[in-house]
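K.L.:
3D, please:
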Amino acid sequence: MPDNPEKNKANNVLDADDAAQICKALGHYCRIEIIKYLQNADKCICGEIVGIFPLAQSTVSQHLKILKQAGLIKGEVEGQKTCYCLDRDVFNKFKKTIAEM
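P.N.:
Modelled structure (predicted):
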């Protein structure tokens, strides 16, 4: 059965396309760990994310890019750095969407 956008809006859940994009973005363990880290940090993080994983900076940047494209995180440019934080509204809608499946 297709999504009902009005029902989704009223229930504060994501439509199937948005939920699928987020599921795809969470298809790598590092991205899940990044989300968990940002959820617990409860603030925007600049360079710290690279330091918590044994990965190259470019690899972490690629993971962040995928999470941002899916809408799970926000990135604010501050000088030469980009600070990332969890988009709690999208994250909560995603959790509710999954819970209602």
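
K.L.:
what does the model give the residue nearest the centre of the chain for pLDDT?
P.N.:
Centroid check for the chain by C-alpha atoms, centre = their mean gives residue 72 as the closest residue, at 2.2 Å. If you check residue 72, the pLDDT there is 96.

K.L.:
and the gap between it and residue 79?
P.N.:
Residue 72 sits 24 Å away from residue 79, going by C-beta to C-beta, to the nearest Å. From N, CA and C alone the C-beta is placed, and that goes for glycine too.

K.L.:
Show me the shaky parts of this structure.
P.N.:
For the chain, the stretches flagged by pLDDT under 70 are 1-11.

K.L.:
can you give me the strands for it?
P.N.:
Using DSSP state E, the strands of the chain run over 73-78, 81-86.

K.L.:
Mind exporting the C-alpha coordinates of the first one to PDB?
P.N.:
If I follow you right, that is strand 73-78. What follows is strand 73-78, C-alpha atoms only, in PDB (Å, rounded to 0.1, in the frame of the first residue of the first chain):
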ATOM      1  CA  ILE A  73      23.000  15.000  10.200                       C
ATOM      2  CA  LYS A  74      23.500  18.700   9.600                       C
ATOM      3  CA  GLY A  75      26.800  20.300   8.700                       C
ATOM      4  CA  GLU A  76      27.600  23.900   9.500                       C
ATOM      5  CA  VAL A  77      30.700  25.500   8.100                       C
ATOM      6  CA  GLU A  78      32.700  27.400  10.700                       C
END
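
K.L.:
Kindly calculate the angle that that strand makes with strand 81-86.
P.N.:
150 degrees (axes from the mean of the first three to the mean of the last three C-alpha atoms, to 10 degrees).

K.L.:
what's strand 73-78 packed up against?
P.N.:
helix 29-41, helix 57-70, strand 81-86 (3 or more C-beta pairs under 8 Å, 6 or more residues apart in numbering; DSSP states H and E).

K.L.:
Cheers, nothing more for now.
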